[in-house]
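J.: pasting the sequence and the predicted coordinates here, then a few questions.
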Amino acid sequence: MDIVSLLLQAANLMVTGMVGVFVFLSILIFAVKNLAKLAGPETSGDTSTKAVSKSSTGVSSAHIAAITAAIAQYRTKK
Amino acid sequence: MEGLLNLWHATGLANFTIPALVMMAVGCGLLYLAIAKGFEPLLLVPIGFGAILTNIPVAGLAEPGGLLYYVYYIGIDSGVFPLLIFMGVGALTDFSALIANPRMLLLGAAAQFGIFATLFGAIALNYVPGFEFTLKDASAIAIIGGADGPTAIFLASKLAPELLGAIAVAAYSYMALVPIIQPPIMRALTSEQERNIEMPQLRVVSKKEKILFPLVVLSLTIMFLPAATPLVGMFCLGNLMRECGVVDRLSNTAQNELINITTIFLGLAVGSKLAADQFLTVETLGILVLGALAFSIGTASGVFMAKIMNRLSSNPINPLVGAAGVSAVPMAARVVNKVGLEANPHNFLLMHAMGPNVAGVLGSAVAAGILLALVG
């Protein structure tokens, strides 16, 4: 008898728990998607500045200009 | 003569009991698994040795006044050690795969069904004579399905401290057994064609997103599930330290020294709960069976969810990645990658599986928070 009521409680907990986990993580999905919109445009700028700052150590600016031009040309061809 | 007799009574030989010897053998077994087989050695070595120390007669290391008693009291009874470990795990976790594809959180959620189904199973086990699990016991046992050591220890220390030893041993053993438990389930539930599915490459995630992510997770937890904030809060702190880039020293400490020191004491404290009178019970057997069940159900429900998402979504999703929803970072993701490569040698699923994998960590922390809020 006692076990039956415990089982009912457990089943109840199972349903509430799963609903709770799904609702919470769904809200998080929504939040993370908006986060991407909020911070998204920065991505390309971020990587390009990093690339420039890395290559600028010990490489002359003329070289960088030539390489950038070559990459740009390659990309437009593609 | 009397002096000699007294000395004899003070030796281990005169005071050994069979159950204590059995537990010392269990400790040696854990050491063997860790050292010879490489099963979660970082934890099983201190746990196994702790089990031996605890069962030494006369010395009373795990009784009030003994070293292990205090280590347990300070670190686990208070909930501090698992939370410190969780901070380190946060500092070790890279969320970019999840931020790039946030829908993977659904897989982390689905895999938590292993927890809640096992809770039901633990109560149903009460029909077998010898088992008397309360709802609190059942919740603490079920969290093994979260496949997350610190979460399991944290919840067990709050809900069922007397079962903690068995729960921690089951959780860490099954995490080590993930490469054996998961693949047959994954193969049985998917077709060759489904295992072949290649997924599109993930986008690059900006630093700003990575910094904001732990803050977003924390604010949602504060608003909707404050009971989970000890776990999620420490996790987010660790992750923020990693991503913000201005406290590398703190982040490195959390990832290395702090987590290592805590792991030693956490293992010893768990070992101190492997005393014969607490461990050598039918309930331990039940916990071991239920733990395996929890892992299997979690894996299966993750795969099913991934199948459903693959049907509904415009981007193809390989159902195998669902199996990584049962945290066990990064072992589960590696298993997914391996099974995927068996079907298609050019299909590298590791990065795609890391998304649901870290989602599983969040999912099990949320599930623990829900159990604490409803049962605790």
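T.: Right, received. Where do you want to start? Numbering: from 1, shown residues only, chains lettered A, B, ... in the order given.
J.: top helix in the chain by residue count?
T.: Because you didn't say which chain, this covers chain A. Taking DSSP state H as the criterion, chain A has its longest helix at helix A:2-39.
J.: switch to chain B, please.
T.: Determined from DSSP H, the single longest helix within chain B is helix B:282-312.
J.: what pLDDT, on average, does the helix or strand following that one get?
T.: As assigned by DSSP states H and E, the chain's next helix or strand after helix B:282-312 is helix B:331-343. Helix B:331-343 comes out with an average pLDDT of 94.
J.: repeat that for stretch B:105-123.
T.: With pLDDT averaged residue by residue, stretch B:105-123 scores 95.
J.: before we move on, what about stretch B:361-376?
T.: Here stretch B:361-376 scores 94 as its mean pLDDT.
J.: sorry, back to before: the longest helix of chain B close to chain A?
T.: No - judged by C-beta under 8 Å from any C-beta of the partner chain, helix B:282-312 stays clear of chain A, getting no closer than 9.4 Å. Any C-beta I mention is one placed from the backbone N, CA and C, and that applies to glycine too.
J.: packing partners of that helix?
T.: With contacts taken as 3 or more C-beta pairs under 8 Å, 6 or more residues apart in numbering or on different chains; DSSP states H and E, helix B:282-312 sits against helix B:105-110, helix B:113-124, helix B:135-142, helix B:164-176, helix B:178-189, helix B:350-375.
J.: any idea which of these gets closest to B:Gly88?
T.: Comparing the helices and strands packed on helix B:282-312 by their distance to B:Gly88 (C-beta to C-beta), the top pick is helix B:350-375, with 12.5 Å.
J.: any idea how far that closest one is from the chain center?
T.: Relative to the centre of its chain, helix B:350-375 is centred 11 Å away, using C-alpha atoms, centre = their mean, to the nearest Å.
J.: could you do stretch B:314-322 as well?
T.: 25 Å.
J.: same check on stretch B:213-223?
T.: 22 Å.
J.: about what we covered before: mean neighbour count and distance to chain A added to the helices and strands packed on helix B:282-312, as TSV?
T.: What follows is those, written out as TSV (neighbours: other C-beta atoms under 10 Å in any protein chain shown; distance: least, C-beta to the nearest C-beta, whole Å):
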stretch	mean neighbour count	distance to chain A
helix B:105-110	29	4
helix B:113-124	26	4
helix B:135-142	28	6
helix B:164-176	26	17
helix B:178-189	17	19
helix B:350-375	27	5
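J.: which residues does B:Leu4 contact?
T.: For B:Leu4, no contacting residues are found, by C-beta atoms under 8 Å, 6 or more residues apart in numbering or on different chains.
J.: quick one: which helix or strand includes it?
T.: Secondary structure from DSSP H and E places B:Leu4 in helix B:2-9.
J.: follow-up on the earlier one: give me the mean pLDDT for the longest helix of chain A.
T.: 93.
J.: buried residues, that helix. List them.
T.: Buried residues in helix A:2-39, counted by 16 or more other C-beta atoms under 10 Å in any protein chain shown: A:3, A:6, A:9-10, A:13-14, A:17-18, A:20-22, A:24-25, A:28-29, A:31-32, A:35-36, A:39.
J.: of the residues you listed, which ones also sit close to chain B?
T.: Applying C-beta under 8 Å from any C-beta to those, those adjacent to chain B are A:3, A:6, A:9-10, A:13-14, A:17-18, A:20-22, A:24-25, A:28-29, A:31-32, A:35-36, A:39.
J.: buried stuff in the helix holding B:Leu4?
T.: Residues of helix B:2-9 include none that count as buried (16+ other C-beta under 10 Å).
J.: residues contacting the most centrally placed residue in chain A?
T.: Residue closest to the average C-alpha location in chain A (C-alpha atoms, centre = their mean): A:Ala36, at 6.7 Å. Shown in contact with A:Ala36 (C-beta under 8 Å, 6+ apart): B:Ile99, B:Pro102, B:Glu209.
J.: just the ones in helices from these, please.
T.: Of the positions in those, B:Ile99, B:Glu209 sit in helices, assigned by DSSP H.
J.: can you list the contacts of A:Ala36 in JSON lines and add neighbour count, pLDDT and distance to chain A?
T.: Below are these laid out as JSON lines (neighbours: other C-beta atoms under 10 Å in any protein chain shown; pLDDT from 0 to 100; distance: C-beta to the nearest C-beta, whole Å):
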{"residue": "B:Ile99", "neighbour count": "25", "pLDDT": "95", "distance to chain A": "6"}
{"residue": "B:Pro102", "neighbour count": "23", "pLDDT": "94", "distance to chain A": "4"}
{"residue": "B:Glu209", "neighbour count": "23", "pLDDT": "94", "distance to chain A": "5"}
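J.: looking at the contacts of A:Ala36, which is nearest B:Met186?
T.: B:Pro102 (23.3 Å).
J.: show me what contacts the closest residue to the closest one other than its chain neighbours?
T.: Nearest non-adjacent residue to B:Pro102, counting by C-beta to C-beta, 6 or more residues apart in numbering or on different chains: A:Val32, 3.9 Å away. Going by C-beta under 8 Å, 6+ apart, A:Val32 touches B:Leu98, B:Ile99, B:Pro102, B:Leu105, B:Phe213, B:Val216.
J.: and what of B:Leu42?
T.: Residues in contact with B:Leu42, defined by C-beta under 8 Å, 6+ apart, are B:Thr263, B:Gly267.
J.: and it, what's its pLDDT?
T.: For B:Leu42, the pLDDT comes out at 92.
J.: same question, A:Gln73
T.: Note on A:Gln73: pLDDT of 84.
J.: please identify which helix or strand holds it.
T.: In the assignment (DSSP H and E), A:Gln73 maps to helix A:61-77.
J.: quick one: buried residues of that helix?
T.: Under 16+ other C-beta under 10 Å, helix A:61-77 has no buried positions.
J.: over to stretch B:228-244?
T.: If you call a residue buried by 16+ other C-beta under 10 Å, then stretch B:228-244 has these buried ones: B:228-243.
J.: still on that earlier bit, from B:Met305, how far out is the residue nearest to B:Pro102?
T.: To B:Met305, A:Val32 is 18 Å away according to C-beta to C-beta, to the nearest Å.
J.: and the one residue sitting closest to the centre of chain B, backbone torsions?
T.: A centroid search over chain B (C-alpha atoms, centre = their mean) returns B:Asp148, at 2.0 Å, as the residue closest to the centre. With angles defined as degrees, to the nearest 10, B:Asp148 sits at phi -140, psi 110.
J.: B:Glu133: neighbouring residues, count only.
T.: Glu isn't right for residue B:133; it's Phe. For B:Phe133, the neighbour count with other C-beta atoms under 10 Å in any protein chain shown is 26.
J.: pretty sure it sits against B:Tyr127.
T.: No - applying C-beta atoms under 8 Å, one finds B:Phe133 not in contact with B:Tyr127, separated by 11.0 Å.
J.: and A:Thr57, what's its pLDDT?
T.: Reported pLDDT for A:Thr57: 55.
J.: which of the three states applies to B:Phe348?
T.: Assigned by DSSP: H, G, I helix; E, B strand; the rest coil, the conformation of B:Phe348 is coil.
J.: one more: B:Lys37?
T.: coil.
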